[in-house]
Each structure stands twice: as C-alpha cells, then as structure tokens.
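> Sequence plus predicted model, see below.
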Amino acid sequence: MAEARGKIKKDERRRKVFLLGASTVLIAGLLATVGFVVFGVPQAEPDDNSAPGSTIDGVESFSGLSREHVLSTVAFPELPPVGGDHSEDLTNCGTYTEPVDTWRAVHSLEHGAVWVTYRTGLPASEIEVLTSDAAANSYEILSPYPDLPTSIIATAWGKRLQVESATDPRLSEFLATYMQGLQTPEPGAPCSGGVQG
C-alpha cells in the first residue's frame, strides 16, 4: 500500500513538473510574440516636438527606424514611408508629376529632405501652391502618390503630417521645422546626384 502511494505521489510530481514546464514555454512564446508586435514595427506616437518651440498639431512621430542600405526593395509599414532600410541611391529633390520610387525617396529623407505627396486628382490650384513651395526648397520632394488616405501627406525622417489643403499653415510649419531638422540622421548630406524619380 505504501509503495502504491509513493508511486502515485511520484506520478503527480512528474505531472506538475511537466505542466509547469509546458506553461513556462507557452508564456515565454506569448511574451515573445507580444514583444515583436509592440516593439518590432515602428509605431506612431504623438510628436515629441524634437525641434525647440515646435508645437505642430497633428504631427506623428515614428521611432525605431533602421537605416541600412539594402539591395532589394523594402515593404514599408507606413505609406508613404517615414524611414527605414532603403536604396543606396537617393531620389533627387525636386518636383515630379509622376510617383517616385519610395525605396530611393527614403534615402532622401535620411539626408533631411521633406517629401510632400498628394492624392491623384488634387485640384490644379492646390498643386500650383505645392509646386511653388517646392521650388523654394532645395530639400523638398513633391510628387503624386497613389491611394493616399488624405489629400496631402508630408513626411520627414520619422515624422508625418496629413492635411486636406495646400494652404493649411501646418504644412509650412512642418517644412520649416523638419527640413534638415533635428530628427535628420544625416543633416547636410546632398539631396542631388541621385536618381530623377
């Protein structure tokens, strides 16, 4: 009888150890998955106002952006992208009437450019305002972008602003604050000598 009780207790201990081990593995896997989802993809956050005195309403900030030059195209989590791995070639700053290569435009953002994109079908009067502004800025890319969720999106490295009108004063503030701004990984690097579009 004592021998049978001992065997039962031993079997119970084995089951507890097995269940504890299996539970630990399951919890570790769950934590790893949550960690990847939370920290593995750049997340939008309220603007940290990285430029002194900057308080532009609606600016989103993105952190954890990698900056490697890669030989293959990248699937960006944000479109238009706000940073990340990119081509070793850059898109020359300037005005374009056709969409530009996002993979190369991100390299321009790394050099301090602001990329202003607009929805196809934006009224000509709005495009005229955007074109005039872009002509005055040597570190700006202006281009249409397919399927934008709003009329105009301005992006700088790690920053994004969505507006409905070219005359929205926040757009000018965004350009003044983030073009060659404090968030720029390589300030002063050229925005020319690359690829047209």
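Noted; the coordinates are in hand.
> which stretches of the protein form strands?
Secondary structure of the chain by DSSP state E: the strands cover 44-46, 60-62, 94-95, 114-119, 140-145, 152-156, 159-163.
> In a markdown table, list these along with distance to L71, mean pLDDT and mean neighbour count.
Where C-beta positions appear, they are placed from N, C-alpha and C, glycine not excepted. Listed next are those as a markdown table, based on distance: least, CB to CB, whole Å; pLDDT from 0 to 100; neighbours: other CB atoms under 10 Å:
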| stretch | distance to L71 | mean pLDDT | mean neighbour count |
| --- | --- | --- | --- |
| strand 44-46 | 28 | 44 | 11 |
| strand 60-62 | 24 | 94 | 19 |
| strand 94-95 | 25 | 97 | 17 |
| strand 114-119 | 22 | 98 | 24 |
| strand 140-145 | 22 | 97 | 22 |
| strand 152-156 | 23 | 98 | 26 |
| strand 159-163 | 27 | 97 | 22 |
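> In a markdown table, list those strands along with distance to V82.
Below are the strands of the chain laid out as a markdown table (distance: least, CB to CB, whole Å):
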| stretch | distance to V82 |
| --- | --- |
| strand 44-46 | 9 |
| strand 60-62 | 5 |
| strand 94-95 | 20 |
| strand 114-119 | 9 |
| strand 140-145 | 13 |
| strand 152-156 | 5 |
| strand 159-163 | 5 |
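> Indicate which one of those strands is closest to P187.
Between P187 and those, the tightest spacing by CB to CB is seen for strand 152-156, at 11.4 Å.
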